[in-house]
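1. Quick one, structure for this:
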Amino acid sequence: MSQKFTPLYDRVLIRRVREAETVRGGIIIPDSAKEKPQEGIIIAVGTGRYEKGQTVPLAVKEGDRVLFGKYAGSEIKIDGEEVLIVKEEEILGILAGASKGAEKGEKVGAGKR
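-> Coordinates of the predicted model:
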């Protein structure tokens, strides 16, 4: 991304992780039949939520691999790339031990089911 985008307050900018294009048996699933992944890498975070006169920092940070709800957030395009803006409360959890290839947006999950 050449543009710098900083979410406000408790919002987080997420890049979805692309899933494998084939499943066991080598069947290729067309894009129209696929569901969008509910897993992504955080690429920007806001300053935190405002509570009782103080700013509370977010529990997530840039580079974290997270799971989020199926209908969470708003999809937008920045520099032609589709990204997702969600509130911190819509993030279900942080995945530990993410592989380096997955963090770069490479295909993951090939042969796993």
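2. got the contact list for the helix or strand harbouring residue 85?
-> If you go by DSSP states H and E, residue 85 is part of strand 81-87. The contact list for strand 81-87, computed with Cβ atoms under 8 Å, 6 or more residues apart in numbering, reads 1, 7, 10-16, 40, 43, 68, 72-77. (Glycine included, C-beta is placed from N, CA and C.)
3. Mind checking which of the residues you listed are in strands?
-> 11-16, 40, 43, 68, 74-77 (DSSP state E).
4. coming back round to it: mind giving me the ChimeraX command for buried ones among the contacts of strand 81-87?
-> Of the contacts of strand 81-87, the buried ones go into a single ChimeraX selection, burial set by 16 or more other Cβ atoms under 10 Å:
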select :7,10,11,12,13,14,15,16,40,43,68,72,73
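5. doesn't residue 62 fall inside a helix?
-> No. Under DSSP: H, G, I helix; E, B strand; the rest coil, residue 62 falls outside any helix and is assigned coil.
6. Read off the pLDDT value for it.
-> Residue 62 carries a pLDDT value of 90.
7. Just want to check the distance between the residue nearest to residue 72 when sequence neighbours are not counted and residue 27.
-> In space, and not counting its chain neighbours, residue 72 is closest to residue 90: 3.9 Å by Cβ to Cβ, 6 or more residues apart in numbering. To residue 27, residue 90 is 32 Å away according to Cβ to Cβ, to the nearest Å.
8. Looking at those two, which has the bigger crowd around it?
-> residue 90 (18 against 8; other Cβ atoms under 10 Å).
9. Pull the contacting residues for that one.
-> 68-69, 72-73 are the contacts of residue 90 under Cβ under 8 Å, 6+ apart.
10. ditto for residue 12
-> 42, 44-46, 58, 60, 85-88, 91.
11. same thing but at 10 Å, please
-> 40, 42-46, 58, 60-62, 64, 66, 68, 73, 84-88, 90-91 (Cβ atoms under 10 Å, 6 or more residues apart in numbering).
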